[in-house]
Structure formats: structure tokens, C-alpha cells
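Colleague: Give me a 3D structure for the following:
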Amino acid sequence: MKNKLLILLVIFSCLSLSTHGYSASAAKNPFRTSILLPIGMNQQPIMKIAIAQNVDQINLKFNTIFTLVDIETGKLLANRLTFKDVSLKGSEKGIHINDKIFNARNVRLMSQDKLVQVRERVYRSNLIIIKDEKNKLTLINEIPIEDYLKGVLPMEVSPRWNMEALKAQAVAARTFALFQALNANPESPFFLKRDVSSQVYAGKTVENFRTSEAVNLTRGQILTYRGAVFPAYFHSACGGKTTSADSVWGVWKHPSLGGVQCGFCRGTKHYTWKKEMSFQDMKLKLAKEKIKIGAIQKVQILDRDRSGRVESVNVVHSTGVKKIKGSTFRRIMGYDIFRSTLVELKSASGSLLKIVGNGWGHGVGMCQWGTKVMADKVFRYEQILRFYYPSSQVTQAYSSPKGSRISGTISNWWTSLKGLIS
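Modeller: Here you go, the predicted model:
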């Protein structure tokens, strides 16, 4: 019996660890959505966030002395550099720090007060500098996950929101970040970016005492499904219903990312919207993606997923028809124009596309404005998370939160929840 159990665990682990990252043939090789939580994670993980990429030169500011270490060799390159204003650039000789040249490709900067200013933002902890073969620089903030989250939450939700909504966001963001760290390609020098392609991160500069408190009160808490971490996606507003992750991206289906009916964001500022876009602008945006077509005549919705979101469109033009995946079309046209794919499309005057939509974002996982309304209706953060991520469980991955109870199972909440869904 023990041998059979061991074999099953090995098979499950192999399935879980079978793919890394997104693929050009995502439909044939889906991106995994489940990773077993490592055993014995007693301390918070260290995150690596790309805060600047492929730059020729960049300026930093330090308030205290800092140390420089060669990451590849572990050699101490400089012990007590006293520059306050630093100009970084790369060359064939190495990495230039003001008038000094260090013969290294990857270095770690560690300041005495654990702070560094990059452009207009102040970041905690260490900074990794990587020089590529073209002498371009990439800057990576190497930071404990709890400090990282304190620079994420104020950018994702309003610090003025109910504390239960802030705690729900903290757990979702921590889960998403931990999944990305565990799933990172070993060859990649970072786990996440600082923009909407990951989750928005702006360092210590934007930290707020209420969102930081939400991080502290949920310290180490993540979402799991049967002991495995999944990417806890979230978005601004779902427009009435969330959708499944596999219908938006090339990922494996997941029980906690299948979509739910949500009436909580109804009436909030992003629930409905209208936009217009000229066919000429559309053609130019497609051309930038190397999609060459004739004069656009109309855009037709081909099919929708179960939530009503557009899965694909036909762009009818003077020389033919081009089929494009809905999420890809939204990205190309711009997220400010196509705020979601839960839309109706109408041509006007033969040269203009009118867009009437619901919600803002990809629509997968937690609806942030719905979360706000649920918290205002006195739902606890565990209940909110279980609603948007069905069958998930709040799990203590490491450490212990201060002043917050951990709820592994939540009882008697479904009845009250159903009564508030419109």
C-alpha cells in the first residue's frame, strides 16, 4: 500500500512539474496551474522583481554606504562605496559605477540601510545588476516576499478600502507571487516584472500603513487546492461574472479558476463602459504586431466562452479575413480601449468601431471591486477568497500572522452568500 501511494505521489509531482512558462503553442502544451507546496518552508521566500530592463544607463541614489559583490564568483568587489549619486552603465570592460569599472557581468548592490532609489522610486533590500552581451542592463530588486507585497497592494487596491478586502488582496497577491517564484524558469534571472504583466509593484515609495497592516495580518498565508499552489489571478472588475483561466490563456483547467457568477461589482465604476476606435488605428496597431491586412471593413465576434467573453474575432478587410483570439485582440488594441472581452461590437459610418463592454481586466479569479463590496457587506477575507476561488483553502505556508486567526475550513457562509448575489 505504501509503495502504491509513493508511486501516485511521484506521478502527481511529475505531472505538476512538467512544463515551464508560456508557449507559442499553448493550446498543445498548456501552462501548468498547480505546483505542490514545498515541504518545510519555514521562512519567507526571496522574490526577484525586474524593475528596469535593457537600459543603456540608469541613475541610482543611496543614503548610506553600499557593498558590491560579483554574483558568479561570490567575490567582494567593493566593501564601502560612498557614492550618493550613482550612474550605472555597461561596456565590454564590465559594469561602470560612476568613474569605476568592475569586471563582472552580474553584481549585487547591498546598502547599509537596505534602501536604494531607482529613478523616482525607493526600493527595499538588495539590487541585482545584470549586463547582457549587448552591454544592456537589467535591474532586479531582490526582496523578501512580505516586503514586496507592501509595494504591491497600494497599486492594486485603495488603502481606504475595508480591511477584509485588503487582506483578501494580500493573500491573492502572495499566492500569485509564490506560484510565479516556484514556477520560474531556472534560466530566468527574475520571477516577476513590476507592471501589469505580473502585478503592479512600486517599492517602498508607495507603501501605506493600512495595506502594510493587511500584509502583516495575513503573513505567510496563501491559497492552495489539495496542498498545491495555483496562480491566484485577479482583475479590477468582472462585469457580473468571472471566467475560466483556460478560456483566456493556454493553461490547464483548475477547479479554483473556473469562474463564478458575481453580482457584487454591479454598479461600481468599471461595471459598464463605452469606447470607440477607428479602423485606421486598428490597422496600425495590427501592423505593429506584423499582422498585415487591407482596409478594415468590420469586426465580427466569432464565439464566446461560458461567461460571455469573446474568444475570437474575424477582422474583415479588403483583401480577406483575419481570425484573432479575443485576448490577443484586446492586448493589441490596448487595455484602455478594450477594457475587457465581455463586449458587444458595432461598426459605425464604415470607419469606426463602437465598443460597449462590462468589467475591466481579463476576468479570471478575484474581482477586486466585487471584493470591496463583499467586505463592505461584512464578509471576512477567507469567505471572499473561497467565493472567487472555489474549493481553495487558506493555508499557512510559513511564519504566523500577527493578530489574525487562520481559518482552514469555513462553515455556514454559503447560505448567507447566495442571498447577496444578484
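Colleague: tell me the contacts of the residue nearest in space to the middle of the chain?
Modeller: Taking CA atoms, centre = their mean, the centroid of the chain lies closest to residue 198, which sits 2.8 Å from it. Going by CB atoms under 8 Å, 6 or more residues apart in numbering, residue 198 touches 49, 180, 192. No exception for glycine: its C-beta is placed from N, CA and C like everyone else's.
Colleague: any idea how far residue 363 is from it?
Modeller: 18 Å (CB to CB, to the nearest Å).
Colleague: Residue 59 - how many residues pack around it?
Modeller: 12 (other CB atoms under 10 Å).
Colleague: Give me the three-state assignment for the residue found closest to it once you drop the neighbours it is linked to in the chain.
Modeller: Excluding the flanking residues, the one nearest residue 59 by CB to CB, 6 or more residues apart in numbering is residue 87, at 5.6 Å. When classified by DSSP: H, G, I helix; E, B strand; the rest coil, residue 87 comes out as strand.
Colleague: Over to the one 3 residues further on?
Modeller: Under three-state DSSP, the three-state class of residue 90 is strand.
Colleague: Return the per-residue confidence for it.
Modeller: pLDDT for residue 90: 95.
Colleague: Buried ones in the helix or strand where residue 77 lies, by neighbour count?
Modeller: Element membership of residue 77 [criterion: DSSP states H and E] is strand 76-81. For strand 76-81, a neighbour-count test (16 or more other CB atoms under 10 Å) marks 77, 81 as buried.
Colleague: Ok, stretch 255-272 next?
Modeller: 256-260, 262, 264-266, 268, 270-272.
Colleague: Repeat that for stretch 173-193.
Modeller: Of the residues in stretch 173-193, those with enough neighbours to count as buried (16+ other CB under 10 Å) are 173-184, 190-193.
Colleague: can you check stretch 384-403 too?
Modeller: Using 16+ other CB under 10 Å as the test for burial, stretch 384-403 gives 384-389, 392-395, 397-398, 401.
Colleague: and what of stretch 360-376?
Modeller: Judged by neighbour count using 16+ other CB under 10 Å, the buried positions of stretch 360-376 are 360-375.
Colleague: residues contacting residue 225?
Modeller: Residue 225 sits next to 34, 254, 255, 256, 391, 392, 393 when contact means CB under 8 Å, 6+ apart.
Colleague: thought residue 108 was touching residue 69?
Modeller: Yes: between residue 108 and residue 69 a contact is recorded at 4.7 Å, counting by CB atoms under 8 Å.
Colleague: circling back: identify, from the buried residues of stretch 360-376, the entry nearest to residue 320.
Modeller: Ranked by distance to residue 320 (CB to CB), the buried residues of stretch 360-376 are led by residue 362 at 29.0 Å.
Colleague: beta partners for residue 69?
Modeller: Counting by DSSP bridges, residue 69 is bridged to residue 76, residue 108.
Colleague: Could you tell me what pLDDT the model assigned to residue 418?
Modeller: Predicted confidence (pLDDT) for residue 418: 37.
Colleague: How about the contacts made by residue 346?
Modeller: For residue 346, the contact set (CB under 8 Å, 6+ apart) comprises 353, 354, 356.
Colleague: now these: which count as buried?
Modeller: Among these, those classed as buried by 16+ other CB under 10 Å are residue 353.
Colleague: Looking at the contacts of residue 346, spot the one nearest residue 302.
Modeller: residue 353 (15.5 Å).
Colleague: hmm, back to that, just the contacts of residue 225: which has the poorest pLDDT?
Modeller: Ranked by pLDDT, those bottom out at residue 34, which scores 94.
Colleague: any idea how far residue 334 is from that one?
Modeller: Per CB to CB, residue 34 is found 32 Å from residue 334.
Colleague: Neighbour count for the two, which is higher?
Modeller: Legend: neighbour count by other CB under 10 Å for residue 34 and residue 334, higher for residue 34 (22 against 13).
Colleague: The more buried one: what's it in contact with?
Modeller: Counting by CB under 8 Å, 6+ apart, residue 34 makes contact with 16, 225, 228, 229, 230, 252, 254.
Colleague: And for the fifth one, the neighbour number?
Modeller: It stands for residue 230. Residue 230: 27 neighbours (other CB under 10 Å).
Colleague: For it, what are phi and psi?
Modeller: Backbone torsions for residue 230, taken as degrees, to the nearest 10, come to phi -130, psi 160.
Colleague: Quick check, it in contact with residue 175.
Modeller: Yes: using CB under 8 Å, residue 230 is in contact with residue 175, at 7.4 Å.
Colleague: if I look at these two, which residues touch both of them?
Modeller: In terms of CB under 8 Å, 6+ apart, residue 230 and residue 175 are both contacted by the residues residue 223.
Colleague: in the stretch 101-250 of the chain, which spans are helices?
Modeller: Assigned helices in the stretch 101-250 of the chain, in chain order: 145-150, 153-156, 163-183, 209-217, 245-248 (criterion: DSSP state H, counting those that start in this stretch).
Colleague: Could I get these in JSON lines, plus columns for mean pLDDT and distance to residue 318?
Modeller: Converted to JSON lines, the helices of the stretch 101-250 of the chain look like this (pLDDT from 0 to 100; distance: least, CB to CB, whole Å):
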{"stretch": "helix 145-150", "mean pLDDT": "98", "distance to residue 318": "50"}
{"stretch": "helix 153-156", "mean pLDDT": "98", "distance to residue 318": "43"}
{"stretch": "helix 163-183", "mean pLDDT": "97", "distance to residue 318": "43"}
{"stretch": "helix 209-217", "mean pLDDT": "98", "distance to residue 318": "51"}
{"stretch": "helix 245-248", "mean pLDDT": "94", "distance to residue 318": "31"}
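Colleague: In contact with the residue lying closest to residue 368 once chain neighbours are set aside: list those residues for me.
Modeller: Among residues not flanking residue 368 along the chain, residue 236 sits closest, at 5.4 Å (CB to CB, 6+ apart). Going by CB under 8 Å, 6+ apart, residue 236 touches 270, 359, 360, 361, 367, 368, 369.
Colleague: bridging residues for the third one?
Modeller: Residue 360 has the following beta-bridge partners by DSSP bridges: residue 237.
Colleague: Just give me the neighbour total for residue 98.
Modeller: Residues lying near residue 98 (other CB under 10 Å) number 12.
Colleague: isn't it right up against residue 83?
Modeller: Yes: contact criterion CB under 8 Å: residue 98 and residue 83 qualify, at 5.7 Å.
Colleague: Alright, calling it a day.
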